[in-house]
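Engineer: sequence first, predicted model second:
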Protein chains: 2
Amino acid sequence: MAARAAAGRHHLDGNALRTERTRSRVLAASLALFNERGEAHVGTGAIAEALGMSPGNLYYHFPNKDAIVEHLFRRFEERVDVAPAAPESPVAAVENLWLYLHLMLEAIWDYRFLYRNLDDLLERSPRLRSRFVRILDRKQETVVSLCDGLVRSGAMRARPDEIRALGHNVLVVSTYWLNFQSVRGLDAASAPAAMGQGAYHVMALVAPYLAGAARRHLDRLSRSYIE
Amino acid sequence: MAARAAAGRHHLDGNALRTERTRSRVLAASLALFNERGEAHVGTGAIAEALGMSPGNLYYHFPNKDAIVEHLFRRFEERVDVAPAAPESPVAAVENLWLYLHLMLEAIWDYRFLYRNLDDLLERSPRLRSRFVRILDRKQETVVSLCDGLVRSGAMRARPDEIRALGHNVLVVSTYWLNFQSVRGLDAASAPAAMGQGAYHVMALVAPYLAGAARRHLDRLSRSYIE
């Protein structure tokens, strides 16, 4: 237990630090190449070359490309495993949700290779599939419980079946918004605007169910967004 | 002109008929293989083999795989180039839209290989990209003009900015619904139910803006759907 706790504090000697640093560099270079060319078109050879590293050295750190994909997926998972804070007021709930959507869309953009050939990736790895399904399930729960809270506070008027359908639609639009935009071409220059549009469109799904101050606040935010 | 008109009537001699039949068989076999394995994993060799045809004979009909993909895309394009009929009443508008969504989801299922690696396909072919964008633009126009009609008849209450956002959301959910479902695994047995859920969820996007008889009719249809 003591050893474990010490490990938890990340006391690393020089060698371990160098190893960590190399692994981080491999992951960053792989992510950039996967996003740029599509994961299917990038082999470990190209990753080693981009880093000026021998294939043998790369192999020492990651036995194959799937191991790299899995590590990147874990980072993505950690990044999206957040939920908007319990709101102090309906107006704060609207603000929190909008910010939260921005965070999610930024994570999807940063790891866009995952979404580019999602079916292929998940077919190759049942483990990634079950983890991806878990991410979606937790997001669905997050949206539903947020809506339930808004209904209790009187800021939302929606039946349970409406909230369930709304949750699925929020998930589909936020998950695939950037894919939808990339049909028209999407690059680093146009991505921030596309993410803003994504958050706006997801909020538009919620808007008709909001009432009172929450609705007025969202209408105000939306107007300033589209003007 | 006379020759053209005659050609339009498809007077084909025995050889031309055989050629047409072979081309149809190639397209059907390619579509099945692309859908099953993903287009990137199927070469012309596998297509020829599935048909018991020599690679040379396949080449005589289609110079390469991209030509096959393009022909399949044209068939998909023709299939989705429909719009719901101008409704006689708000209740008919709701019925037409629901049926139309089923048709669209069935077309997407039948040509699902296009949606599986859409980015890769469109990156390889700027021509496919501009045609795919045109499909999306026409769908957006269809939804917006349908909504405008409902607003004029008093069956819908929505501002122009709400209708624009609704159109985009209808497009994203209907385009990516089957991708979203395939994260959890989707096969020929579960596809019909998934298409039904897709139509239901798209209708749920429209529901909050409907009023009067149209809203009551949609609520009735939805209840019988989820019960």
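Structural biologist: Looks like it arrived, so ask away.
Engineer: roughly how far is stretch A:143-157 from the heart of the chain?
Structural biologist: 24 Å (CA atoms, centre = their mean, to the nearest Å).
Engineer: got the buried residues for that stretch?
Structural biologist: Across stretch A:143-157, burial judged by 16 or more other CB atoms under 10 Å in any protein chain shown covers A:Val143, A:Val144, A:Leu146, A:Cys147, A:Leu150, A:Val151, A:Ala155, A:Met156. Placement of C-beta: from N, CA and C, glycine included.
Engineer: what's the closest non-adjacent residue to A:Ala32?
Structural biologist: A:Ala50 (7.9 Å; CB to CB, 6 or more residues apart in numbering or on different chains).
Engineer: you'd agree that neighbour is up against A:Leu31?
Structural biologist: No - A:Ala50 is beyond contact range of A:Leu31, at 11.2 Å (criterion: CB atoms under 8 Å).
Engineer: neighbour count: the two, which is higher?
Structural biologist: A:Leu31 (22 against 15; other CB atoms under 10 Å in any protein chain shown).
Engineer: list the contacts of the more buried one.
Structural biologist: A:Leu72, A:Asp110, A:Tyr111, A:Phe113 (CB atoms under 8 Å, 6 or more residues apart in numbering or on different chains).
Engineer: so how many other residues sit close to the third one?
Structural biologist: When you say that, I think you mean A:Tyr111. By the other CB under 10 Å criterion, the neighbourhood of A:Tyr111 contains 20 residues.
Engineer: which non-adjacent residue is nearest it?
Structural biologist: Nearest residue to A:Tyr111, sequence neighbours excluded (CB to CB, 6+ apart): A:Phe76, at 4.4 Å.
Engineer: tell me the contacts of the one you found?
Structural biologist: A:Phe76 neighbours (CB under 8 Å, 6+ apart): A:Ala107, A:Asp110, A:Tyr111, A:Leu114.
Engineer: what does chain A have sitting close to chain B?
Structural biologist: A:38, A:40, A:116-120, A:122, A:129, A:132-133, A:136, A:161-162, A:165-166, A:168-169, A:171-173, A:175-177, A:179-180, A:182-185, A:200-201, A:204-205, A:207-209, A:222, A:226 (CB under 8 Å from any CB of the partner chain).
Engineer: quick one, which of these are buried?
Structural biologist: Listed as buried from those are A:38, A:40, A:116-120, A:122, A:129, A:132, A:136, A:162, A:165-166, A:168-169, A:171-173, A:175-177, A:179-180, A:182-183, A:200-201, A:204-205, A:207-209, A:222; burial here means 16+ other CB under 10 Å.
Engineer: go through the buried residues of stretch A:143-157 and name the one nearest chain B.
Structural biologist: Of all those, A:Met156 has the smallest distance to chain B: 11.6 Å, by CB to the nearest CB.
Engineer: please tell me I have it right and that closest one contacts A:Cys147.
Structural biologist: Yes - in this structure, A:Met156 is within contact of A:Cys147 by CB under 8 Å, at 6.0 Å.
Engineer: pull up the overlap in contacts between these two.
Structural biologist: Common neighbours of A:Met156 and A:Cys147, counting by CB under 8 Å, 6+ apart, are A:Tyr209.
Engineer: roughly how far apart are the residue of chain A found nearest chain B and A:Glu162?
Structural biologist: Taking CB to the nearest CB, chain B has its nearest neighbour within chain A at A:Pro208, 3.4 Å off. Distance of A:Pro208 to A:Glu162, computed by CB to CB, to the nearest Å: 10 Å.
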